[in-house]
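In: with the sequence up front, the predicted model follows.
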Protein chains: 4
Amino acid sequence: MTDSHILTLSCEDHPGIVAGVASALASHGANILEAQQFDDVLTGRFFMRVEFALVGGQGIDALRAGFEATARAHGLDWALRPTNERKRVLLLVSKFDHCLADLLYRWRTDELAIDPVGIVSNHPRATYAHLDFGEIPFHHLPTDPGEKERQEARIRAIVEATGADLVVLARYMQILSDGFAGWLAGRCINIHHSFLPGFKGAKPYHQAHARGVKVIGATAHYVTADLDEGPIIEQDVERVSHRDTPDDLVRKGRDIERRVLARAVRAFCEDRVLLNGATTVVFPA
Amino acid sequence: MTDSHILTLSCEDHPGIVAGVASALASHGANILEAQQFDDVLTGRFFMRVEFALVGGQGIDALRAGFEATARAHGLDWALRPTNERKRVLLLVSKFDHCLADLLYRWRTDELAIDPVGIVSNHPRATYAHLDFGEIPFHHLPTDPGEKERQEARIRAIVEATGADLVVLARYMQILSDGFAGWLAGRCINIHHSFLPGFKGAKPYHQAHARGVKVIGATAHYVTADLDEGPIIEQDVERVSHRDTPDDLVRKGRDIERRVLARAVRAFCEDRVLLNGATTVVFPA
Amino acid sequence: MTDSHILTLSCEDHPGIVAGVASALASHGANILEAQQFDDVLTGRFFMRVEFALVGGQGIDALRAGFEATARAHGLDWALRPTNERKRVLLLVSKFDHCLADLLYRWRTDELAIDPVGIVSNHPRATYAHLDFGEIPFHHLPTDPGEKERQEARIRAIVEATGADLVVLARYMQILSDGFAGWLAGRCINIHHSFLPGFKGAKPYHQAHARGVKVIGATAHYVTADLDEGPIIEQDVERVSHRDTPDDLVRKGRDIERRVLARAVRAFCEDRVLLNGATTVVFPA
Amino acid sequence: MTDSHILTLSCEDHPGIVAGVASALASHGANILEAQQFDDVLTGRFFMRVEFALVGGQGIDALRAGFEATARAHGLDWALRPTNERKRVLLLVSKFDHCLADLLYRWRTDELAIDPVGIVSNHPRATYAHLDFGEIPFHHLPTDPGEKERQEARIRAIVEATGADLVVLARYMQILSDGFAGWLAGRCINIHHSFLPGFKGAKPYHQAHARGVKVIGATAHYVTADLDEGPIIEQDVERVSHRDTPDDLVRKGRDIERRVLARAVRAFCEDRVLLNGATTVVFPA
């Protein structure tokens, strides 16, 4: 698999894209292992993800250079990277560490092929005394009143210094400033509880309980300036009943949150998530 | 099962309710077949459903009369009816008949032990040409502009004339007036689509699609003046993807709606749904 | 959509298939609307489904003729048909009509774009008195002892006379002979209950109940000589509890059966199901 | 909640049980917080779980002593313990630690109110280097050929020395001898993968993949001599597709296994699981 690569692209839909892309790849010795396309008939935008192995040709640099002409001809937004290149991931967390612990466990067991480049928290290291962070640098960045701007600048510096490809808000309970959220657009995933129907305002679990919801869920989405309203990447649910107190809903919600976040991070790291305006195209694994 | 009965009750929680109720039943020859209780610690309200068979005693009338004292002593709101007594159900429908067709099929096959006493629609009989209504009276009550009050009065007259225990809004796409909705409170079930999170306003399926929801659902709830906000009885969901157009979401939504509504009607007809303020206690079957 | 077509193909995997197919289509004026590929790394077999619109070229016959060379060059098993050409479907049913009623309803409401060419039952028409068959021919073919061969021959004659593309065993409770099952291979879908884990032998619902299963399901699969063991097309499940009697499991199973069968038929009719030895490739809608 | 207790009982069904039990509790100052009953009409066995608070009377010892007469009168198998008394749990694990890590995390966060009294593995401590066992004693008990009897004897000694209430086979990949399994009956929970339908024999994930299953699951059950066939406590599933390799199924299976096992352990520790011959009654939380 050392010579396997993933190509993702999008463009305005028009005849000949697949033929053009596939021919360009074939002419440089690429054998397509998997390809998925999606033509959004509502917006006229075309999306494609291709995984291929080099079985001939003169190497990936030659392919990359040669592909430029195809990309220009079809007006492609495109990216190309080795399948085995791990995404660099910065993890932000607050008091509740269920998502953090879950992501770290999946990283340890090689279930999640990420390269954690740092853990940032507004709580001290001792909050996570029972979690083994190994060699991952830990940054305690308190969110003192009036210090949000400075704190976000420090996170931003860490993102830049580590070259993080992805920032994960693993139950990071701080509201990002619009500017910071915008700067992270398309490379920052948040997780939050979700209900059917939704409940706005404070104590949503209590509101949901008060109306007798029978299903609760969680949503992983890209961060945008509107914190909980970004393009959705993954969701899941569980059944609940009148026996569940608001605390039970919170507990069950934690389980959903961690598996939904893990799936979203995995999809991102496998280049399966393509932004499509305010929504996403998520090619299934 | 001819002498099997269902007792439902609620009251302020206090010691001795179960003992009092169970002893009263036992003293009148009742053998408890199934009993479920729920003590809502948040509100201090107690709920109970008991199904019993008369194996001795002097009959159900004697039990009913004798139970009065127990009910008074414990401040019970209670109801008692034969298990095999079918609920009288009035079905309201508009253009889309997937829920109506489903309920009728379950009634035909005896899966749903109801007694349909009428079908009301603002569309003519021909709209449902392929559905066999058998002996069920059909009422075409158009909703002409300015006629809502008169139309609702006619439905009300049908409810009264038929002695309907339950009114089912089986995709009845008319907004009920506050007065009519209030009059139906606790005996009228509505079904509508639901999302995770919710989307307010027009074309919710389009809004949900535009954000890339991965799960859609449906909610069956008691009707209150606030049409889509009543106490929830049942919910369910299905997964969707970016490949689903808004029309696909609508189609998948229909499947969820019909099974959720059928489950809610079934729970109501088996006296499993107890109102608890703005929420419900739904004792599982 | 009148000039939209669906191309399905499979072949031994090798470099250049996508490029070859896409180029051939493009050269005949086809604009790809959707394409999905799957490369089975375990078997080395490649599968593809392409939906395209003719936006230029000299028509579908020219494309079909021109595609022959590409197909030969890559060793393709392929099929090509207009998207709006409805599959001709023969429905076989026994006493329980929940799947039949469901399929007919979806056909009536145009949710399922099929062309029902006949209904065959070993029970008389009166068994389905409340179902409106419209113009669909009904065939009562009793399965008298010793008559299986003759009865199957008559079904076979109906399949041939109607040119049925698909035979659906919609709870058809007769065991097909090996010869007949083999003759129907790849164009006959069966539905049956499934458990987690499975239970062999008689009364599986009772066996499942006896061990306390918490989940029951249904499986739609291609018929092979080994009746309940063919390649799986679709499955789904529901939760159950100790409160569910075997009869309750049967009732809940019916709901699962009908939605699983409807999904499988839909996938077949949209050419989304490709046989892959003993398994299937089901491209999602 | 310090004076809250849980009473569980079962007996042959007969009139007056609920009345007898509830009256006995009430007469000793117990206020019922929650009660669930189940009358198995197929076997004629009655099951009950009551949680109550002492609001009067002369304490739990007096209640216990006084309840003896009621228990004898109704032929009850019964148990009574303080709600806040944690179950003592011994965890057995082999190479794969996903279930162990999950249970420990839930214990740390107080989501699972257990008292882990030991971890037993046939692998050395270093296998779990990244897991913080805290004060929990670790026992490395290799399963050398011909040593099964001695190894099981040592586990048995640990169960006895620690007074473990529950033994959890958290992916403990050793087959227990019939004698040992029998000794653990009713207090040992196992987790294993499950399919729809089931697949017997070696490499079940490969078998399931080969037939194209669309749903995989996991089952938590009581251990009996027939290792994977004991009474089922909890099950859950996830959807899969033709894109999932057998390795993907294994990975997805791990996620299901850990949440199913955690739910089963939780239900056991809250005295919600009552044995009913070869099946279980699991009163929902």
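Out: Cool, the structure landed.
In: same question for stretch A:199-213, mean pLDDT?
Out: The average pLDDT for stretch A:199-213 rounds to 84.
In: is any part of it close to chain B?
Out: Yes. Interface with chain B: stretch A:199-213 contributes A:199, A:209, A:210, A:211, A:212, A:213 (Cβ under 8 Å from any Cβ of the partner chain). For glycine as for every other residue, the C-beta is placed from the backbone atoms N, C-alpha and C.
In: the fifth one: neighbour count?
Out: The local packing of residue A:212 (other Cβ atoms under 10 Å in any protein chain shown) involves 27 other residues.
In: next one: the third one
Out: Neighbourhood size, residue A:210 [other Cβ under 10 Å]: 18.
In: after the helix or strand of chain A with the lowest mean pLDDT comes which helix or strand?
Out: Lowest on mean pLDDT, DSSP states H and E among the helices and strands of chain A sits helix A:204-211, with a mean of 87. Reading on from helix A:204-211 to the C-terminus, the next helix or strand found by DSSP states H and E is strand A:215-222.
In: helices or strands next to that next one in the packing?
Out: strand A:188-195, strand A:232-239, helix A:246-269, strand B:232-239 (3 or more Cβ pairs under 8 Å, 6 or more residues apart in numbering or on different chains; DSSP states H and E).
In: so which bits of the stretch 51-200 of chain A are right by chain C?
Out: Counting by Cβ under 8 Å from any Cβ, the residues of the stretch 51-200 of chain A that sit close to chain C are A:55, A:56.
In: wait, which of the residues of stretch A:199-213 next to chain B is closest to chain C?
Out: residue A:213 (16.8 Å; Cβ to the nearest Cβ).
In: which residues does that closest one contact?
Out: A:195, A:196, A:240, B:232, B:235 (Cβ atoms under 8 Å, 6 or more residues apart in numbering or on different chains).
In: coming back round to it: state the pair within the residues of stretch A:199-213 next to chain B that is farthest apart.
Out: Greatest spatial distance in those: A:199 and A:212, 12.3 Å, computed using Cβ to Cβ.
In: low-confidence ranges, chain A, go.
Out: A:1-2, A:227-228 (pLDDT under 70).
In: list the buried residues for the strand or helix carrying residue A:5?
Out: In this assignment (DSSP H and E), residue A:5 forms part of strand A:4-12. By neighbour count on 16 or more other Cβ atoms under 10 Å in any protein chain shown, the buried set for strand A:4-12 is A:5, A:6, A:7, A:8, A:9, A:10, A:11.
In: quick revisit: just the helices and strands packed on strand A:215-222: most buried one?
Out: strand A:188-195 (a mean of 25; mean count of other Cβ atoms under 10 Å in any protein chain shown).
In: out of the contacts of residue A:213, flag the one nearest to residue D:166.
Out: residue A:240 (25.5 Å).
In: could you list the domains of chain A?
Out: Each domain of chain A is listed here as a residue range: A:4-82, A:87-282, per automatic domain parsing.
In: quick revisit: hey, C-alpha coordinates of the least confident helix or strand of chain A in CSV?
Out: Taking Å, rounded to 0.1, in the frame of the first residue of the first chain, the C-alpha atoms of helix A:204-211 are listed here in CSV:
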residue,chain,number,x,y,z
PRO,A,204,-31.7,20.9,26.3
TYR,A,205,-31.7,17.5,28.0
HIS,A,206,-34.1,18.8,30.6
GLN,A,207,-36.3,20.3,27.8
ALA,A,208,-36.2,17.0,25.9
HIS,A,209,-37.1,15.1,29.0
ALA,A,210,-40.0,17.4,29.8
ARG,A,211,-41.6,16.6,26.5
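In: so which bits of that helix are buried?
Out: Neighbour counts over helix A:204-211 (16+ other Cβ under 10 Å) mark A:204, A:205, A:207, A:208, A:209, A:210, A:211 as buried.
In: any chance of JSON lines for those, columns distance to residue A:185?
Out: Output for those, formatted as JSON lines (distance: Cβ to Cβ, whole Å):
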{"residue": "A:204", "distance to residue A:185": "25"}
{"residue": "A:205", "distance to residue A:185": "29"}
{"residue": "A:207", "distance to residue A:185": "29"}
{"residue": "A:208", "distance to residue A:185": "29"}
{"residue": "A:209", "distance to residue A:185": "34"}
{"residue": "A:210", "distance to residue A:185": "35"}
{"residue": "A:211", "distance to residue A:185": "34"}
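In: give me every residue in the stretch 51-200 of chain A lying close to chain B.
Out: A:194, A:195, A:196, A:197, A:198, A:199.
In: which residues of the stretch 151-285 of chain A lie near chain D?
Out: A:241, A:243, A:244, A:248, A:251, A:254, A:255, A:259, A:284, A:285.
In: out of the residues you listed, which are close to chain B?
Out: A:241, A:243, A:284.
In: select only the buried ones of the residues you listed in ChimeraX?
Out: This is the ChimeraX syntax for the buried subset of those, where burial follows 16+ other Cβ under 10 Å:
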select /A:241,243
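In: quick revisit: ok and the least confident helix or strand of chain A relative to strand B:232-239, angle-wise?
Out: 130 degrees (axes from the mean of the first three to the mean of the last three Cα atoms, to 10 degrees).
In: residue A:14 belongs to a helix?
Out: No. Per DSSP: H, G, I helix; E, B strand; the rest coil, residue A:14 lies outside any helix segment and is coil.
In: and it, how close does it get to residue C:20?
Out: Between residue A:14 and residue C:20 the computed distance is 20 Å (Cβ to Cβ, to the nearest Å).
In: quick one: the strands in the stretch 1-150 of chain A?
Out: A:4-12, A:30-40, A:45-54, A:77-82, A:87-93, A:114-121, A:138-140 (DSSP state E, counting those that start in this stretch).
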